[in-house]
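[1] Need the 3D shape of this:
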Amino acid sequence: MKKDEEKLNRRVNMQNHELEQVIKNADRAINNEDFDHLMEFYSEDATLVVKPGTVAKGKEQIRRAFIAIAEYFNHSLIVNQEKMAIIETGDTALVVAQAQLIANQKDDSEFSMERTATYVFKKDSTGTWRCIIDNSYGAEIIKN
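    Predicted coordinates for the structure are as follows:
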């Protein structure tokens, strides 16, 4: 019973899950505006919440959305995921992350925001995790 409890605690803590590095690599691609590389993290039919009420579907729309976001922030957006909780079942995982967004070259003012983001990942046929839902707004999407 003790081993089962330890195993459960490791799963609940979700430390050092491979998705942590996947997400850090995706953040690096966003920060470097390497949108070709960034698209490797998404499934073909992925959905990105651009802002509450607006989504981009599929890699081409998502790529265009990231280009527009970079332009909106005058190419100064830095994204970093602080803490993460990862809940996995089979080939699907829910990630809840403390996301920090900073932009110091925005036209109207400096921008900094912390969000509790939610992401859904699915392993593809090669065993590679792909983001299928990217919602950096988390539960904020249901608020008016």
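
[2] Quick check: buried residues in stretch 115-134?
    115, 117-122, 129-134 (16 or more other Cβ atoms under 10 Å). In short, each C-beta sits where N, CA and C put it, glycine included.

[3] How about stretch 48-63?
    Those would be 48-50, 55-56, 59, 62-63, for stretch 48-63 by 16+ other Cβ under 10 Å.

[4] This protein: strands as residue ranges?
    In the chain, the strands defined using DSSP state E lie at 42-51, 54-57, 77-89, 92-103, 111-123, 129-135.

[5] Can you say which of the ones you listed is nearest to Arg28?
    strand 77-89 (9.0 Å; Cβ to Cβ).

[6] any idea of the angle the closest one forms with strand 92-103?
    170 degrees (axes from the mean of the first three to the mean of the last three Cα atoms, to 10 degrees).

[7] Please report how far Met33 lies from Asn74.
    Wrong residue type there; residue 33 is Glu, not Met. Note on Glu33: its distance to Asn74, by Cβ to Cβ, to the nearest Å, is 12 Å.

[8] Contact partners for the nearest residue to Phe41 once chain neighbours are set aside?
    Distance criterion Cβ to Cβ, 6 or more residues apart in numbering; nearest residue to Phe41, sequence neighbours excluded, is Ala26 at 4.4 Å. Listed by Cβ atoms under 8 Å, 6 or more residues apart in numbering, the contact partners of Ala26 are 38, 41, 131.

[9] How about His17?
    84, 86, 88, 93.

[10] could I get those as JSON lines with neighbour count and distance to Ile67?
    Shown next, in JSON lines, are the contacts of His17 (neighbours: other Cβ atoms under 10 Å; distance: Cβ to Cβ, whole Å):
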{"residue": "Met84", "neighbour count": "19", "distance to Ile67": "26"}
{"residue": "Ile86", "neighbour count": "21", "distance to Ile67": "29"}
{"residue": "Glu88", "neighbour count": "17", "distance to Ile67": "31"}
{"residue": "Ala93", "neighbour count": "22", "distance to Ile67": "27"}
